[in-house]
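Enquirer: Okay, here's the prediction I keep looking at, along with the sequence it came from:
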Amino acid sequence: MFQLLISSDELAQHIDTVQLLDCRAKLGDPAWGANAFLRGHITGARHIDLDTMLSVAPNEHGRHPLPTQQQWLNQVRALGLRNDAQIVVYDDAGGSFAARAWWMLRWLGHENVAVLDGGLGQWPHALQTGAVTPAEISNFTKQTPLTRLYSSDQVLSAIQQPLNMRPQLVDARSPERFAGIEEPIDPVAGHIPGAICLPFSANLNADGTFKAPAALAARFAVLADTDNVVCYCGSGVTATHNILAARIAGLPEPALYADSWSGWITDPTRPYATRDES
């Protein structure tokens, strides 16, 4: 079974037995993913929407707040997903959106879920067009989560601890956004004090596939303690890409701060930094 990545060749061999989720999305254009799905998707896939299925409406928890587990479970059942299935998730953005679905299925305790390495760009076969018939609602049941989750209060408490007792915060955004040099999306620029910047895009090769485990492990070698890592980004989406990359590298699974920067800054009393290093 596949639990991290699956290649296009491997997917082709199992295409008749896996359950496929098309996770394509474009920030700032909520309808883009569904329209792209209609234009062409891997045969048998179902579209899963970033804004209405993998998130709820923006609130104090940021731009892409997690739904409750029950809300997410209802979506999973409506998609017809099964506990005994090998699930494969894909996008066309190097896994930056698919990783969110990968993490959320693991949040329900589903282990056999993998990201299509390289996404749609690596799929050489003809695509199916148009809408698909609604799935038969499944009886998917949640199991013990395979993930760890941090709240804003937990992050605030953590950064007030002595350095040797803090988890290491890892920011998946670009160095420019991390340093507060530019901020094209959120109203406040900067990062959470004590964080380091490991942009998710550096997990990938030029063709959009993930780098080899040894190369990813070298990226995370800057972390003093790989057993105590909390990943965040702008809204809790690309942070999961770093979590997936850490797992590919053979490291323990980091926790996710799902509210991320856009949730952190909703409370003006929370501290932030704008230097390269806090």
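Expert: Yes, it's here. Here the structure is a predicted model, which means the values were calculated and not measured. Residues are numbered from 1 along each chain as shown.

Enquirer: hey, let's count contacts and neighbours off CA atoms from now on
Expert: OK.

Enquirer: what helix or strand does the spatially most central residue of the chain sit in?
Expert: Closest residue to the average C-alpha location of the chain: Arg100 at 2.7 Å, with C-alpha atoms, centre = their mean. Secondary structure assignment for Arg100, by DSSP states H and E: helix 98-107.

Enquirer: Now do the strands in the stretch 1-150 of the chain.
Expert: Defined through DSSP state E, counting those that start in this stretch, the strands belonging to the stretch 1-150 of the chain, from first to last, are 5-6, 19-22, 45-47, 87-90, 113-116, 149-150.

Enquirer: So, low pLDDT: which residues of this structure?
Expert: Low-confidence segments of the chain, defined by pLDDT under 70, span residues 276-278.

Enquirer: how is it carved up into domains?
Expert: Using automatic domain parsing, the domains assigned to the chain come out as 5-122, 149-264.

Enquirer: ends of the shortest one, how far apart?
Expert: Criterion C-alpha to C-alpha, to the nearest Å; first-to-last residue distance in domain 149-264 is 15 Å.

Enquirer: The nearest residue to Asp207 once chain neighbours are set aside: what's it in contact with?
Expert: If the residues on either side of it in the chain are set aside, Asp207 comes closest to Gly118, at 6.9 Å by C-alpha to C-alpha, 6 or more residues apart in numbering. When contacts are counted by C-alpha atoms under 8 Å, 6 or more residues apart in numbering, Gly118 touches Ser7, Asp92, Gly94, Gly95, Asp207, Gly208, Thr209, Phe210.

Enquirer: The first one touches Gly121, doesn't it?
Expert: This points to Ser7. No: taking C-alpha atoms under 8 Å as the contact criterion, Ser7 and Gly121 are not neighbours in contact, 11.5 Å apart.

Enquirer: returning to what we had before: out of the contacts of Gly118, which are buried?
Expert: Burial by neighbour count, 16 or more other C-alpha atoms under 10 Å: within those this picks out Ser7, Asp92, Gly94, Gly95, Gly208, Thr209, Phe210.

Enquirer: tell me the contacts of Ile192?
Expert: Residues counted as contacts of Ile192 (C-alpha under 8 Å, 6+ apart) are Trp261, Pro271, Tyr272, Ala273.

Enquirer: what's the helix or strand for the first one?
Expert: Assigned by DSSP H and E, Trp261 belongs to helix 260-264.

Enquirer: which residues touch that helix?
Expert: Counting contacts by C-alpha under 8 Å, 6+ apart, the residues touching helix 260-264 from outside are 59-63, 152, 186, 191-192, 232-236, 270.

Enquirer: if we go to 10 Å?
Expert: 58-65, 150-153, 155-156, 171-173, 178, 185-192, 231-237, 239, 257-258, 270-272 (C-alpha atoms under 10 Å, 6 or more residues apart in numbering).
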